[in-house]
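>>> Here is a sequence together with a model predicted from it:
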There are 4 protein chains.
Amino acid sequence: MMAENEIPYSLKFIVRDYECDLQGVVNNANYQHYLEHARHEFLISRGIGFVKLHDEGIDLIVTKVEIEYKLPLRSRDEFFVTVSIQREGNARIVFIQDIFRYPDLKLVVKARVTGVATKKGRPIAPPDELIVKLGFE
Amino acid sequence: MMAENEIPYSLKFIVRDYECDLQGVVNNANYQHYLEHARHEFLISRGIGFVKLHDEGIDLIVTKVEIEYKLPLRSRDEFFVTVSIQREGNARIVFIQDIFRYPDLKLVVKARVTGVATKKGRPIAPPDELIVKLGFE
Amino acid sequence: MMAENEIPYSLKFIVRDYECDLQGVVNNANYQHYLEHARHEFLISRGIGFVKLHDEGIDLIVTKVEIEYKLPLRSRDEFFVTVSIQREGNARIVFIQDIFRYPDLKLVVKARVTGVATKKGRPIAPPDELIVKLGFE
Amino acid sequence: MMAENEIPYSLKFIVRDYECDLQGVVNNANYQHYLEHARHEFLISRGIGFVKLHDEGIDLIVTKVEIEYKLPLRSRDEFFVTVSIQREGNARIVFIQDIFRYPDLKLVVKARVTGVATKKGRPIAPPDELIVKLGFE
């Protein structure tokens, strides 16, 4: 659980025109791309290589996403995506992610992404090294 | 709620290679594309033109998605996406959507997508015509 | 070169809303997705598994694309993508691909996609089996 | 034409995992996304708003792309995309764009993208204001 005074990891983006759709706003699916990219960069920042893990036979997979859309982003809007994590049970890692528009800091998206580590397609308890790097020990 | 003997709308797809990512499976965000395309085709099948509505100043927007990933799809897997609907409160329409792999009918994704009609960015009660076409009245 | 009476391979699609951008038409990059999917399905129809080849260490990679955009596709337009092939020199395979809107058969895109077979990242002459399956021998 | 000592506009990117495909490299179509985003940011840097032009009834559309793929980008590779422009005839603007991997500066993609201004779907000579902003007069 994030301590009161802990600042969550965040990553800054700008909306690219091709990410917008007919309605003139970012297509809903693209927020999942933003969230994913921020999660992977967060993991890298903790020394966890998503691709390297994959090469070792361990995949971190997403089992559930819950996304609330509060405000649409438009062409060239700047925004940042936050990432903080919680453990849930023995196997699950939950990523709490918000997207805020910049610079007015309005809430754009609230997301909760649940993941598990898998080996050969089966869920495993996250390896110790992962637990330590994620700061859970 | 779907009556016991009612068959929900469904649309068939095949996985395209470009939809798969480094892990060799369909990227999570792409399931949202599949779900969206099936919803729009469902609305068309009920005589509701998504783009036509937009031109009239009414946008159907998604306010929330909840997606459970049960089984990953791979290159050239065939699958179908179902759509059925429920009303929630006065303004919200909930799309219950599942993705099943074909032909083994294994459950791939379970989704619940909440939408509202908006005019100039503000939620409105769905227009009568919409309610009738959706079969709610 | 295609014989006068030879009908090229073709694959039918419908435009999905998420493939359209701010301008209300299919985003340019998405035509490359359509072309790629048609090429891969064409190769499958000749018994050539793109993913299977990759697992054997052989990748068919694209070295050049030339695409002329003649007419934009819009939401829910139907269209088909053709594929025919030519050999160029010893190593290169050229895919001649057109996109036609359906049912008025107006030309949407004219493309020429050059590919080579590679092993460990280096170009190789296409394996005999590939040549035979492509109908070049 | 770019003067010998002129440094072209360039924009820096990092490869996001979702942009990579089954082959472990960036999917070919995504380079068009990178090229497009760099072109639009280039136009903005010259005071030309792509979306604002669209709202005024003028669309800058791409009529042709030629892309040579020299080297594939992989997960988290950094790279920059350059943009310089030439006029061709009365109506066409040609964007010369290269992608270089960072920091080894290896050439990844060489592209030539031809565009025209259109009004109600018909090509027009680029408006004077556009010509001046692009530095052509």
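Right, received. Where do you want to start?
>>> And the strands in chain A?
Taking DSSP state E to define them, one finds strands in chain A at A:9-14, A:58-69, A:78-88, A:92-102, A:107-119, A:122-124.
>>> Now the fourth one: average pLDDT?
So the one you mean is strand A:92-102. Strand A:92-102 carries an average pLDDT of 97.
>>> And chain D, is that strand touching that?
No: Strand A:92-102 lies out of reach of chain D by CB under 8 Å from any CB of the partner chain, never closer than 14.9 Å. For the C-beta atoms, the positions are set from N, CA and C on the backbone; glycine is no exception.
>>> For burial, what's the neighbour tally of the nearest residue to A:Lys110 once chain neighbours are set aside?
Nearest non-adjacent residue to A:Lys110, counting by CB to CB, 6 or more residues apart in numbering or on different chains: A:Glu68, 4.4 Å away. Counted by other CB atoms under 10 Å in any protein chain shown, the residues lying close to A:Glu68 total 17.
>>> Quick one: residues contacting the residue nearest the centre of chain A.
Closest residue to the average C-alpha location of chain A: A:Arg39 at 3.4 Å, with CA atoms, centre = their mean. Contact analysis of A:Arg39 by CB atoms under 8 Å, 6 or more residues apart in numbering or on different chains lists A:Val83, A:Phe95, A:Gln97, A:Val113.
>>> give me that answer again for 6 Å
Going by CB atoms under 6 Å, 6 or more residues apart in numbering or on different chains, A:Arg39 touches A:Val83, A:Phe95.
>>> Over to A:Ala38?
A:Leu11, A:Val81, A:Val83.
>>> Spell out which parts of chain A neighbour chain D.
Contact residues, chain A versus chain D (CB under 6 Å from any CB of the partner chain): A:Arg16, A:Asp17, A:Tyr18, A:His33, A:Glu36, A:His37, A:His40, A:Val51, A:Ser75.
>>> Among those residues, which pair sits farthest apart?
A:Val51 and A:Ser75 (30.9 Å; CB to CB).
>>> Comparing those two, which residue is more hemmed in?
A:Ser75 (23 against 17).
>>> on that earlier part again, among the residues of chain A next to chain D, which ones are in helices?
If you go by DSSP state H, the residues of chain A next to chain D have A:His33, A:Glu36, A:His37, A:His40, A:Val51 in helices.
>>> now those as a markdown table including distance to B:Asn90 and pLDDT?
Shown next, in a markdown table, are those (distance: CB to CB, whole Å; pLDDT from 0 to 100):
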| residue | distance to B:Asn90 | pLDDT |
| --- | --- | --- |
| A:His33 | 33 | 98 |
| A:Glu36 | 35 | 97 |
| A:His37 | 37 | 97 |
| A:His40 | 40 | 93 |
| A:Val51 | 47 | 72 |
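>>> For chain B, state which of those residues is nearest.
Of all these, the one with the least separation from chain B (CB to the nearest CB) is A:His33, at 5.1 Å.
>>> Tell me how many other residues crowd that closest one.
So A:His33, with other CB under 10 Å, has 22 neighbours.
>>> got a list of what it touches?
B:Ala29, D:Tyr18.
>>> got the strands of chain A as TSV, with distance to C:Glu56 columns?
Formatted as TSV, the strands of chain A follow (distance: least, CB to CB, whole Å):
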stretch	distance to C:Glu56
strand A:9-14	38
strand A:58-69	23
strand A:78-88	38
strand A:92-102	36
strand A:107-119	25
strand A:122-124	27
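>>> Just to check, A:Tyr102 is in contact with A:Arg76?
No: assessed by CB atoms under 6 Å, A:Tyr102 is found out of contact with A:Arg76, at 11.4 Å.
>>> A:Asn30 is in contact with A:Glu19, correct?
Yes: with contact defined as CB under 6 Å, A:Glu19 counts as touching A:Asn30 (4.6 Å).
>>> Return the residues in contact with A:Tyr18.
Each residue near A:Tyr18 by CB under 6 Å, 6+ apart is listed here: C:Asp21, C:Asn27, D:His33, D:Glu36.
>>> same thing with A:Glu56?
So A:Glu56 contacts nothing (CB under 6 Å, 6+ apart).
>>> Return the set of buried residues in stretch A:127-134.
By 16 or more other CB atoms under 10 Å in any protein chain shown, the buried positions in stretch A:127-134 come out as A:Leu130, A:Lys133, A:Leu134.
>>> and if you look at stretch A:90-101?
Going by neighbour count (16+ other CB under 10 Å), the buried part of stretch A:90-101 is A:Ala91, A:Arg92, A:Ile93, A:Val94, A:Phe95, A:Ile96, A:Gln97, A:Asp98, A:Ile99, A:Phe100, A:Arg101.
>>> Burial check on A:Leu53, number of neighbours?
Number of residues near A:Leu53 (other CB under 10 Å) recorded here: 17.
>>> Mind pulling up the pLDDT for it?
On pLDDT, A:Leu53 comes in at 83.
>>> Tell me what A:Pro123 is bridged to.
A:Thr118 (DSSP bridges).
>>> you'd agree it is up against A:Val116?
Yes: look at A:Pro123 against A:Val116 with CB under 6 Å: they come within range, at 4.5 Å.
>>> joint contacts of those two?
Common contacts of A:Pro123 and A:Val116 (CB under 6 Å, 6+ apart): A:Ala91.
>>> Looking at the two, which is more packed in?
Shown here are A:Pro123 and A:Val116; by other CB under 10 Å, A:Val116 has more neighbours (21 against 14).
>>> need the contact list for that one.
A:Val116 makes contact with A:Thr63, A:Ala91, A:Arg92, A:Pro123, according to CB under 6 Å, 6+ apart.
>>> Just the pLDDT for it.
So A:Val116 comes in at 94 (pLDDT).
>>> mind exporting the helix or strand of chain A with the lowest mean pLDDT as CSV, just the C-alpha atoms?
The least trusted helix or strand in chain A, going by mean pLDDT, DSSP states H and E, turns out to be helix A:50-55, with a mean of 78. The C-alpha coordinates for helix A:50-55 follow below in CSV (Å, rounded to 0.1, in the frame of the first residue of the first chain):
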residue,chain,number,x,y,z
PHE,A,50,9.2,-7.4,-19.3
VAL,A,51,10.8,-8.8,-22.4
LYS,A,52,13.7,-10.3,-20.4
LEU,A,53,11.2,-12.1,-18.2
HIS,A,54,9.4,-13.4,-21.2
ASP,A,55,12.7,-14.8,-22.6
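>>> Please determine how far the residue of chain A positioned farthest from its centre is located from C:Pro8.
The C-alpha centroid of chain A is most remote from A:Leu22, which lies 26.0 Å away (CA atoms, centre = their mean). From A:Leu22 over to C:Pro8 the distance is 31 Å, taken as CB to CB, to the nearest Å.
>>> try A:Asp55
From A:Asp55 to C:Pro8 the distance is 40 Å (CB to CB).
>>> quick one, which of these two is more surrounded?
Per other CB under 10 Å, whichever of A:Asp55 and C:Pro8 has more neighbours is C:Pro8, with 14 against 9.
>>> my read: the more buried one touches C:Val81, true?
No: the pair C:Pro8 / C:Val81 is not scored as a contact, 9.9 Å apart, by CB under 6 Å.
>>> For A:Lys120, which non-adjacent residue is spatially closest?
Nearest residue to A:Lys120 in three dimensions, chain neighbours excluded: A:Gly57, at 7.0 Å (CB to CB, 6+ apart).
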